[in-house]
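Kindly return the folded structure for what I paste below:
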Amino acid sequence: MLAELTGSKVSAVERNLSLRLAGLIGLSDSITLARALKQLPDTSAAQNFANTSTIQEDVLASRERMLTMISRSFSPDIETMPVRVPSANAGVKADALLVYQPYQRFYITHQVEMAAGIQSLRERVRQALAAASPQMHKLAVLDRIVDDSITIQSRKLFSVTPKILERSFEQLLAEHLEQDALTEEASDSEVSEWLAPGGWLARFYDNMRELLFAEFDVRLQPVLGLLEALNEQVTDT
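Residues are numbered from 1 along each chain as shown. Below you'll find the predicted structure:
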């Protein structure tokens with residue numbers, strides 16, 4: 001999708017952000033992981049999978065809630081949303097929609113909320129794993145170490161996304177200005193045309209929404225991986 005937005009060629013690895021995140025763990029981090037796992041005590045605690053269904057419901061409900069928040073932030077009719085697309089703000093002027101900064105703030109705000117929400121969910125899943133069995137406890141510890149090891153690098157990686165989105169904005173705006181030969185000052189009445197199906201701003205919103213959903217899926221992968229591991233052990237028990 002990033003390649004489609006920029007019109008550039010992107011390698012297979014670059015197209016898969018989750019693979020790139022996996023490649024951020026260096027030798028020193030690997031040594032830290034190995035040492036931490038060796039230091040974990042061997043326990044013979046009984047297995048306890050009583051909370052498995054509860055944490056699974058938590059993950060599914062949290063995922064649905066966060067995706068709904070993204071979707072509803074694009075709706076001009078929902079005034080109670082804390083995060084809304086720039087065109088949904090009352091009294092917004094057309095000229096203010098011809099610069100990228102408001103959209104960048106909107107996207108970054110979503111990134112911050114996604115990161116916080118998924119991090120909290122990931123911690124809850126870790127706690128469920130740690131209480132389930134000795135093996136799952138080790139996995140929870142391993143996941144926390146990996147998470148701590150790549151936090152800075154992954155933040156840098158995700159920070160590139162708004163910059164790539166800016167290219168999409170500039171391309172669509174340039175096409176619109178060229179086709180309609182607008183004057184430097186846009187009329188406020190034209191905003192509804194921009195947001196109509198096929199309008200340049202509607203198309204940009206579609207790109208931005210899809211990119212937010214894609215980034216959300218990538219950020220959620222570690223959580224789903226932990227949940228899958230827990231479910232597999234329950235099945236094998």
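
how far out from the middle of the chain is stretch 51-59?
21 Å (CA atoms, centre = their mean, to the nearest Å).

Next: stretch 76-89.
20 Å.

Wait, A96 touches P86, no?
Yes - in this structure, A96 is within contact of P86 by CB atoms under 8 Å, at 7.0 Å. In short, each C-beta sits where N, CA and C put it, glycine included.

separation between V112 and F158?
10 Å (CB to CB, to the nearest Å).

Show me which of the two is the more surrounded one.
With neighbours defined as other CB atoms under 10 Å, V112 and F158 compare such that F158 has more, 18 against 11.

before we move on, back to that, got any residues that touch both of A96 and P86?
By CB atoms under 8 Å, 6 or more residues apart in numbering, A96 and P86 have these common neighbours: P102.

remind me, longest helix of this structure?
Using DSSP state H, we find that the single longest helix of the chain is helix 134-180.

That helix packs against which elements?
Contacting helix 134-180 under the criterion 3 or more CB pairs under 8 Å, 6 or more residues apart in numbering; DSSP states H and E are the following elements: helix 2-6, helix 17-22, helix 27-39, helix 101-132, helix 200-236.

quick one: low-confidence ranges for the protein?
Filtered on pLDDT under 70, the chain yields the residue ranges 1-50, 90, 181-188, 236-237.

N51 is nearest to which of the helices and strands packed on helix 134-180?
helix 101-132 (5.3 Å; CB to CB).

Return the list of helices and strands in contact with that closest one.
Using 3+ CB pairs under 8 Å, 6+ apart, helix 101-132 sits against helix 52-72, helix 134-180, helix 200-236.

Can I get stretch 113-121 in CSV, CA atoms only?
The C-alpha coordinates for stretch 113-121 follow below in CSV (Å, rounded to 0.1, in the frame of the first residue of the first chain):
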residue,chain,number,x,y,z
GLU,A,113,-3.8,6.6,20.7
MET,A,114,-3.2,3.3,18.9
ALA,A,115,0.2,2.8,20.5
ALA,A,116,-1.2,3.5,24.0
GLY,A,117,-4.3,1.3,23.6
ILE,A,118,-2.4,-1.6,22.1
GLN,A,119,0.4,-1.4,24.6
SER,A,120,-2.2,-1.6,27.4
LEU,A,121,-3.8,-4.6,25.8
